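Q: kindly return the folded structure for what I paste below:
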Amino acid sequence: MKEAVVTRVFEAPRDEVWAAVTEPERFAAWFGTPPYTTPAETVEIDLQPGGAFRATMVHESDGSELPFRGRYAEVVPGERIVQTLEDVADPGNRNVESLEYTLRDLGGGRTELTYRQTGHLPDEQYPLIEQGVSAFYDRLAEHLAAG
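A: As a prediction, the model looks like this:
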């Protein structure tokens with residue numbers, strides 16, 4: 001199975017990392033990298049099995065949009081989220097990816113967050129996904145440090 005995996009340790013307690021990943025306004029603060037931002041009003045997080053996820057990154061200069069959507073399959077508060085990522089441009093939804101976020105409390109106010117995406121994209125896409133998620137995690141670290 002094809003996959004992208006990114007693990008990062010954040011200097012923040014697990015409940016803070018969980019909130020940044022699951023609260024729409026906080027999620028919007030770090031999801032995306034210049035020249036893209038994610039307006040909070042585009043983020044929907046219905047954090048329960050079967051609940052919807054939506055977010056739209058907007059290009060700062062030309063206003064073009066990159067929409068994301070999916071459904072939550074599993075939610076273990078503070079520990080794990082499993083969700084789908086659907087291709088908005090694919091009406092048949094043939095290339096649904098699976099995303100998993102796992103949080104591990106390392107003690108001392110540190111948290112390990114692992115992102116895993118598996119699915120059916122072309123092989124060359126997964127290293128690019130890892131680069132993108134790493135850049136998002138840089139912004140997440142900044143967001144958490146700012147309190």
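Q: and P77, its phi and psi?
A: Per-residue torsions, P77: phi -50, psi 130 (degrees, to the nearest 10).
Q: excluding sequence neighbours, find me the nearest residue to it.
A: Excluding its sequence neighbours, the residue lying closest to P77 (C-beta to C-beta, 6 or more residues apart in numbering) is W18, at 7.4 Å. Where C-beta positions appear, they are placed from N, C-alpha and C, glycine not excepted.
Q: what of K2?
A: In space, K2 is closest to Y126, 5.7 Å off (C-beta to C-beta, 6+ apart).
Q: ranges for the helices of this structure?
A: 14-22, 24-30, 125-146 (DSSP state H).
Q: need these in JSON lines (columns: distance to E86, mean neighbour count and mean pLDDT).
A: Supplementary listing: those in JSON lines, determined by distance: least, C-beta to C-beta, whole Å; neighbours: other C-beta atoms under 10 Å; pLDDT from 0 to 100:
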{"stretch": "helix 14-22", "distance to E86": "19", "mean neighbour count": "18", "mean pLDDT": "98"}
{"stretch": "helix 24-30", "distance to E86": "18", "mean neighbour count": "19", "mean pLDDT": "97"}
{"stretch": "helix 125-146", "distance to E86": "15", "mean neighbour count": "15", "mean pLDDT": "96"}
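Q: list the buried ones in stretch 89-105?
A: 97-101, 103 (16 or more other C-beta atoms under 10 Å).
Q: and the gap between the residue of the chain positioned farthest from its centre and P13?
A: Here the chain reaches farthest from its C-alpha mean at G108, the gap being 24.4 Å by C-alpha atoms, centre = their mean. Distance of G108 to P13, given as C-beta to C-beta, to the nearest Å: 9 Å.
Q: likewise for E3?
A: E3 is 28 Å from P13, by C-beta to C-beta.
Q: do M57 as well
A: 28 Å.
Q: who's more crowded, the two?
A: M57 (20 against 17; other C-beta atoms under 10 Å).
Q: so what's that one scoring on pLDDT?
A: You'll see M57 listed with a pLDDT of 95.
Q: that one and P35 touch, don't they?
A: No. M57 is beyond contact range of P35, at 9.6 Å (criterion: C-beta atoms under 8 Å).
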